[in-house]
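K.L.:
3D, please:
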Amino acid sequence: MNSDMNGIALIGMAGRFPGAQNLDEYWRNLRDGVETISKFSKEELLSHRVSKQDALNPRYVPARGILENVESFDAGLFGMTIREAELTDPQHRILLECVWEALENGGYDTETYPGKVGLYAGCTMSTYFFDNIYPNWSRIPLANTLYAAIGNDKDYLTTRVSYKLNLKGPSINVQTACSTSLVAVHMACQSLLSGESDMALAGGVSIQLPQKSGYMYQEGGIKSPDGHCRSFDIDGKGTVFGNGVGVVLLKRLRDAIEDRDTIHAIIRGSAVNNDGASKAGFTAPSASGQKEVILEAFGQAAQISGIQPSSIGYVEAHGSATPLGDPIEFLALKDAFRRSTDKIQFCALGSVKSNIGHMDAAAGIAGLLKTVLALKKRTIPPTLHFRQANPHIDLEGSPFFINTEAIEWNSGSERRCASVSAFGLGGTNAHVILEEAEALQEERIEQSDLPYLIVLSARSEQALTHNSVALADHLESRPESLLNDVAFTLQVGRRNHNHRQAIVAKDREVAITALRGEKSSSVRRGSKKEAPFETSFLFAGQASQHHKMGMRLYAHQPLFRREFDMCLEYLRNECGLDLVTRFSLAGEDSSWVEETSYVQPALFVLEYSLSCLWISLGLPPKAMLFCPRCIAARGY
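P.N.:
I've put the predicted structure just below:
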């Protein structure tokens with residue numbers, strides 16, 4: 001792994017795609033070679049407002065990648081009324097949810113994060129507005145028409161998310177058709193590099209309604225005749241569309257390492273350009289434009305980290321499966337790679353469109369997330385429906401091969417690197433270079449002799465129970481996750497809600513059992529009162545002392561240890577009193593706990609250090625109470 005810190009760390013991610021409500025399900029489908037394009041019966045089509053004439057037409061293809069539960073939305077979580085949510089395009093609603101999920105995945109609460117968080121995202125044209133809002137416009141009260149406009153217009157996609165989640169960095173809508181979300185990633189990287197943002201979110205969403213609908217096939221068009229996307233294949237005659245959403249959370253690599261974030265992958269280079277007029281028509285692709293954007297991204301990656309095309313083990317292509325687009329994209333890739341290497345068939349070439357269809361504005365982020373997961377899992381998923389290359393594609397003499405089964409990503413002593421392309425209708429091209437982050441991950445050692453405080457909160461008792469079970473499932477399915485990391489993230493990287501649960505657990509098994517609802521004295525559950533709680537400190541008097549008191553805190557809490565040592569040094573230098581040997585873990589003489597001349601200052605040192613620790617954890621006292629006898633003895 002190159003030690004250069006000039007890169008962008010991907011520290012959080014979230015996504016929903018056809019057949020996958022989360023990224024774990026998404027990866028399983030990709031790894032197992034599952035196509036998640038849905039096919040609809042004539043009855044389903046008719047019940048979703050497809051005309052009988054279209055549904056019975058032999059050229060009508062009843063296929064689309066659909067999202068589950070697009071109608072579901074927790075309006076109250078985001079401070080929205082039910083009516084406001086009803087007037088809002090599901091694209092806006094689901095992007096808002098996925099931004100929340102990406103922040104949680106990264107371990108950040110924007111209510112407490114002190115830096116500027118930017119957001120760059122785009123969506124597809126709102127069919128929800130034309131199918132649901134506009135036909136009923138006259139029945140919408142005048143007071144609600146502004147909500148309807150804000151909830152469906154692309155102009156307000158990112159700014160309302162920024163308002164709802166307290167994002168104070170740039171909030172920019174990105175609209176470049178099929179390359180939208182990868183262009184958003186590039187812009188987010190630039191915002192971080194220029195210092196505009198301390199963290200940046202990027203992504204895209206595309207939800208076309210009604211979901212259970214297909215399209216009319218037209219020979220020579222861009223849509224598939226049979227509802228399958230056959231990227232780079234001889235039978236590739238068009239694409240099929242699908243609905244999806246994806247978001248990533250980015251931070252400057254040096255900052256992410258310093259903050260000990262989990263780094264899923266590193267962006268080492270990115271570039272955006274446009275074809276201009278050097279192509280057959282506005283909607284046609286350009287080999288020269290695509291080649292130049294790839295070379296520009298590689299130039300940046302080579303400059304900051306030494307990555308060359310020969311370092312790339314996988315390319316996630318645009319791969320829309322059109323007879324014209326695939327050969328042009330392949331030619332651009334081959335020419336770009338041939339600038340620096342003569343090696344053949346060392347790099348896998350694939351397209352997620354063969355699994356889920358074309359996500360339009362979310363296509364680039366779907367490909368990026370697939371590639372990040374492949375780097376993390378060290379596995380290259382198969383490209384589906386590939387039998388024989390398009391006759392205009394010379395795979396054998398190229399740097400590329402297409403795998404039809406999942407393969408282990410062996411890199412030898414080399415770092416694993418990949419790149420992702422997205423090309424927009426109209427000519428805006430984007431390319432991103434990724435590197436695995438495994439070697440950058442700091443080894444984390446779980447201190448198993450200490451109990452951990454596992455905290456959860458939710459807006460209702462039902463949601464709290466659901467979250468508790470979900471966390472138990474997470475701990476069971478990810479044995480590599482350390483309980484101390486989980487405890488830390490839940491305490492500092494989550495928004496606090498009124499219904500709360502706390503569990504004291506020494507190990508994973510105890511935590512899982514308690515989270516699943518087993519009765520235990522280590523579980524506390526309740527609701528936060530509306531009035532803010534206040535903390536009081538009670539300082540115990542003499543007779544509460546014991547040998548080696550506070551020494552476990554001293555061993556495991558750096559702030560407590562610092563204050564403790566400062567007090568001991570002061571007592572030794574100013575008063576000639578040596579408490580070090582009395583407190584020593586190695587000392588076995590416990591007779592000192594009966595001597596007032598030692599006990600009184602020892603209690604003060606312990607209580608002062610403990611108070612500093614509580615205050616550092618956000619619990620300053622509103623009142624303090626001392627034992628009256630100790631007050632007199634200490635001369636207060």
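
K.L.:
are we agreed that residue 279 is in a helix?
P.N.:
No. Assessed with DSSP: H, G, I helix; E, B strand; the rest coil, residue 279 is coil; it does not lie in a helix.

K.L.:
okay, now it: neighbour count?
P.N.:
When neighbours are defined as other CB atoms under 10 Å, residue 279 has 16 of them. C-beta here means a position set from N, CA and C on the backbone, and glycine is covered the same way.

K.L.:
I figured it was touching residue 286, is that so?
P.N.:
Yes. Using CB atoms under 8 Å, residue 279 is in contact with residue 286, at 4.0 Å.

K.L.:
which neighbours do those two share?
P.N.:
Counting by CB atoms under 8 Å, 6 or more residues apart in numbering, the shared contacts of residue 279 and residue 286 are residue 427.

K.L.:
strands of the stretch 51-200 of the chain, start to end?
P.N.:
For the stretch 51-200 of the chain, strands defined by DSSP state E, counting those that start in this stretch occupy the ranges 60-61, 63-64, 117-123, 171-173, 199-206.

K.L.:
including mean neighbour count, mean pLDDT and distance to residue 348, could those go into CSV?
P.N.:
What follows is the strands of the stretch 51-200 of the chain, written out as CSV (neighbours: other CB atoms under 10 Å; pLDDT from 0 to 100; distance: least, CB to CB, whole Å):
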stretch, mean neighbour count, mean pLDDT, distance to residue 348
strand 60-61, 20, 97, 29
strand 63-64, 23, 97, 27
strand 117-123, 28, 98, 29
strand 171-173, 19, 98, 33
strand 199-206, 32, 98, 25
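
K.L.:
a markdown table please, covering those strands and showing distance to residue 36.
P.N.:
Converted to a markdown table, the strands of the stretch 51-200 of the chain look like this (distance: least, CB to CB, whole Å):
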| stretch | distance to residue 36 |
| --- | --- |
| strand 60-61 | 16 |
| strand 63-64 | 11 |
| strand 117-123 | 21 |
| strand 171-173 | 28 |
| strand 199-206 | 15 |
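
K.L.:
in the stretch 1-150 of the chain, mark out all the helices, start to finish.
P.N.:
Secondary structure of the stretch 1-150 of the chain (DSSP state H, counting those that start in this stretch): helices at 23-31, 42-47, 52-55, 82-86, 90-106, 127-128, 145-152.

K.L.:
so how far is stretch 39-52 off the chain centroid?
P.N.:
Put simply, stretch 39-52 sits 36 Å off its chain's centre (CA atoms, centre = their mean, to the nearest Å).

K.L.:
swap that for stretch 174-184, sorry
P.N.:
Distance, centroid of stretch 174-184 to centroid of chain: 18 Å (CA atoms, centre = their mean).

K.L.:
can you give the domain ranges for this structure?
P.N.:
Domain assignment for the chain by automatic domain parsing gives 8-438, 452-527, 536-634.

K.L.:
looking at the ones you listed, which is buried most?
P.N.:
Ranked by mean neighbour count, the domains of the chain are led by domain 8-438 with a mean of 20 (mean count of other CB atoms under 10 Å).

K.L.:
now do it: distance to the chain's middle.
P.N.:
14 Å.

K.L.:
what about it, how long is it end to end?
P.N.:
15 Å (CA to CA, to the nearest Å).

K.L.:
could you do stretch 226-246 as well?
P.N.:
27 Å.

K.L.:
what is the mean pLDDT for that stretch?
P.N.:
Mean pLDDT, computed over stretch 226-246, is 97.

K.L.:
contacting residues for residue 154?
P.N.:
122, 123, 125, 126, 173, 175.

K.L.:
hmm, the fourth one is touching residue 90, no?
P.N.:
No. When contacts are counted by CB under 8 Å, residue 126 is not listed as touching residue 90 (9.3 Å).

K.L.:
distance from the chain centre to the helix or strand hosting residue 569, please.
P.N.:
Assigning secondary structure by DSSP states H and E places residue 569 in helix 558-575. The chain centre lies 43 Å from the centre of helix 558-575; the measure is CA atoms, centre = their mean.

K.L.:
for that helix, C-alpha coordinates in CSV please.
P.N.:
Extracted in CSV, the C-alpha atoms of helix 558-575 (Å, rounded to 0.1, in the frame of the first residue of the first chain):
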residue,chain,number,x,y,z
PRO,A,558,-6.0,8.2,30.0
LEU,A,559,-7.7,11.4,31.2
PHE,A,560,-8.3,10.0,34.6
ARG,A,561,-4.6,8.9,34.8
ARG,A,562,-3.4,12.4,33.7
GLU,A,563,-5.3,14.2,36.4
PHE,A,564,-4.4,11.6,39.0
ASP,A,565,-0.7,11.8,38.3
MET,A,566,-0.8,15.6,38.4
CYS,A,567,-2.4,15.6,41.9
LEU,A,568,0.2,13.0,43.2
GLU,A,569,3.0,15.1,41.8
TYR,A,570,1.7,18.3,43.5
LEU,A,571,1.3,16.5,46.8
ARG,A,572,4.8,15.2,46.7
ASN,A,573,6.4,18.5,45.6
GLU,A,574,4.4,20.9,47.7
CYS,A,575,3.4,18.9,50.7
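
K.L.:
so residue 230 sits in a helix?
P.N.:
No. Read with three-state DSSP, residue 230 is coil and lies in no helix.

K.L.:
quick check: it vs residue 465, distance?
P.N.:
Distance, residue 230 to residue 465, by CB to CB, to the nearest Å: 45 Å.

K.L.:
helices of the stretch 451-600 of the chain, start to end?
P.N.:
Under DSSP H, counting those that start in this stretch, the stretch 451-600 of the chain gives helices at 461-477, 483-492, 508-515, 551-556, 558-575, 580-583, 596-616.

K.L.:
and the longest one, how far out from the chain middle?
P.N.:
Shown here is helix 596-616, whose average C-alpha point lies 43 Å from the average C-alpha point of the whole chain (CA atoms, centre = their mean).

K.L.:
would you turn the contacts of residue 154 into JSON lines with distance to residue 361?
P.N.:
Output for the contacts of residue 154, formatted as JSON lines (distance: CB to CB, whole Å):
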{"residue": "122", "distance to residue 361": "5"}
{"residue": "123", "distance to residue 361": "5"}
{"residue": "125", "distance to residue 361": "9"}
{"residue": "126", "distance to residue 361": "11"}
{"residue": "173", "distance to residue 361": "11"}
{"residue": "175", "distance to residue 361": "8"}
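
K.L.:
closest to residue 418 out of those residues?
P.N.:
residue 122 (23.2 Å; CB to CB).

K.L.:
ok, residues contacting whatever helix or strand residue 335 lives in?
P.N.:
Assigned by DSSP H and E, residue 335 belongs to helix 325-338. Outside of helix 325-338, the residues within contact range by CB under 8 Å, 6+ apart are 222, 231-232, 236, 285-291, 294-295, 298, 309-310, 312, 315, 317-320, 347, 349, 390, 392-394, 398-400, 421, 423.
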